[in-house]
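Trainee: What would the 3D arrangement of this be:
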Amino acid sequence: MGPTGQTDFSLFGLPEQFSVDESALDAAWKSLQSVAHPDRFSASSDFQRRVALQWSTRINEAHQVLKNPVQRATYLLSLYGRSIEAESNTSMPVDFLSEQMALREALDAARERPEPHRGEALAELRAHCDRALKKGFGRLGELLDAHPDDDALDRAVEEVRALMFIDRFRDEI
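Mentor: The predicted structure follows:
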């Protein structure tokens, strides 16, 4: 929750669910920024400029969280009282870790290939990650959008943790 007790979702008038209408999110962000942007308060008092800056910062941070599916799921889980414990819990299922090791080996091999084969191999790895992310985001929608129970929340936490690995790996490609 933000400083006003308002969630990032309610700030933009969106339902608290994983699936977000991105055009509605962007339109609400632009609308809020048009009112709260600090430039509109350049001739105002120091206090008014500080408040505008704080609101503009709050609006931008909330927008970034909701725009990114992994961050949005993490935030939504926190609203349900769940932490993904990314820093303290690094255990993952063995089959997932094996797949990650195979992907890392494929990345090393792709980087050693001469062009144009290197670019093709890297594009193939990116596409693999994109498919895995899309599939995972679909599962998160199923788990989080229909008043999730404890089991669904537990599975969503594990899904987010796996997607964080995949997302970071994709950034390394």
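Trainee: Low-confidence bits of the protein, can you list those?
Mentor: 1-5, 86-89 (pLDDT under 70).
Trainee: Please enumerate the strands of it.
Mentor: Using DSSP state E, no strands are found in the chain.
Trainee: helices or strands up against the longest helix along it?
Mentor: If you go by DSSP state H, the chain has its longest helix at helix 117-144. Contacts defined by 3 or more CB pairs under 8 Å, 6 or more residues apart in numbering; DSSP states H and E place helix 117-144 against helix 69-79, helix 94-112, helix 150-172. C-beta: built from backbone N, CA, C; applies to glycine.
Trainee: closest to Arg139 out of those?
Mentor: helix 150-172 (5.5 Å; CB to CB).
Trainee: Specify the angle between that closest one and helix 117-144 in degrees.
Mentor: Helix 150-172 and helix 117-144 are oriented at 160 degrees to each other (axes from the mean of the first three to the mean of the last three CA atoms, to 10 degrees).
Trainee: Can you name every helix or strand that helix 150-172 contacts?
Mentor: So helix 150-172, by 3+ CB pairs under 8 Å, 6+ apart, packs with helix 69-79, helix 94-112, helix 117-144.
Trainee: orientation of it relative to helix 94-112 in degrees?
Mentor: Going by the same axes, to 10 degrees, helix 150-172 makes 10 degrees with helix 94-112.
Trainee: What residues sit buried inside helix 150-172?
Mentor: Neighbour counts over helix 150-172 (16 or more other CB atoms under 10 Å) mark 152-153, 155-157, 159-167, 169-170 as buried.
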